[in-house]
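**Student:** missing the sequence, but the structure's below:
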């Protein structure tokens, strides 16, 4: 009787199932890492924007905060306080919304462009330089402080 060397269909299906399971775990880990990286970049950019607003305020007379993020780049300010990508209002999956409340105060909301895909938390900061976060909806001055 002759025997053939090789794998059975069942063995091949088991190997494919194991490989697919491992790939699924790896892909979900990569996506979660990307989401976390976007959130870290959003908080760093929020700090940068708030610091730029504080510097703009200190260097202007009479003292006032900028009317928009575009006031923080060349040709309005030389040297620029922030990069042109942040001044455009969208950076690394987050949308930056700056509102000048009055010459002595402003509000900065940082929200994911696609919640759950580019980020899961919403951030807020103002002239106090404290960054606050909310996981459900747009953040505000009453939300938890980001550590």
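**Tutor:** Alright, I've got the coordinates. Just so it is clear, the model here is predicted, and its values are computed rather than measured. Numbering: from 1, shown residues only.

**Student:** and for residue 115, the neighbour number?
**Tutor:** 14 (other Cβ atoms under 10 Å). Yep, even glycine has a C-beta here, placed from its N, CA and C like the rest.

**Student:** phi, psi for it please.
**Tutor:** When read as degrees, to the nearest 10, the backbone of residue 115 gives phi -50, psi 130.

**Student:** can you tell me who it pairs with across the strands?
**Tutor:** residue 119 (DSSP bridges).

**Student:** find the nearest non-adjacent residue to the most centrally placed residue in the chain, please.
**Tutor:** The centroid of the chain falls nearest to residue 42 when counting by Cα atoms, centre = their mean (3.1 Å). Once flanking residues are discounted, residue 42 sits nearest to residue 94: 4.2 Å by Cβ to Cβ, 6 or more residues apart in numbering.

**Student:** at which residues are the strands of this protein located?
**Tutor:** 90-91, 94-102, 105-112, 122-126, 132-134, 144-145 (DSSP state E).

**Student:** strand 105-112 and the longest one, what's the angle between them?
**Tutor:** Relative orientation of strand 94-102 with respect to strand 105-112: 170 degrees, computed using axes from the mean of the first three to the mean of the last three Cα atoms, to 10 degrees.

**Student:** okay, now the sheet partners of strand 94-102, with direction.
**Tutor:** Using DSSP bridges, the strands paired with strand 94-102 are strand 90-91 (antiparallel), strand 105-112 (antiparallel).

**Student:** hmm, back to that, spit out the contact partners of the residue nearest to residue 42.
**Tutor:** 38, 41-42, 45, 110-113, 118-119 (Cβ atoms under 8 Å, 6 or more residues apart in numbering).
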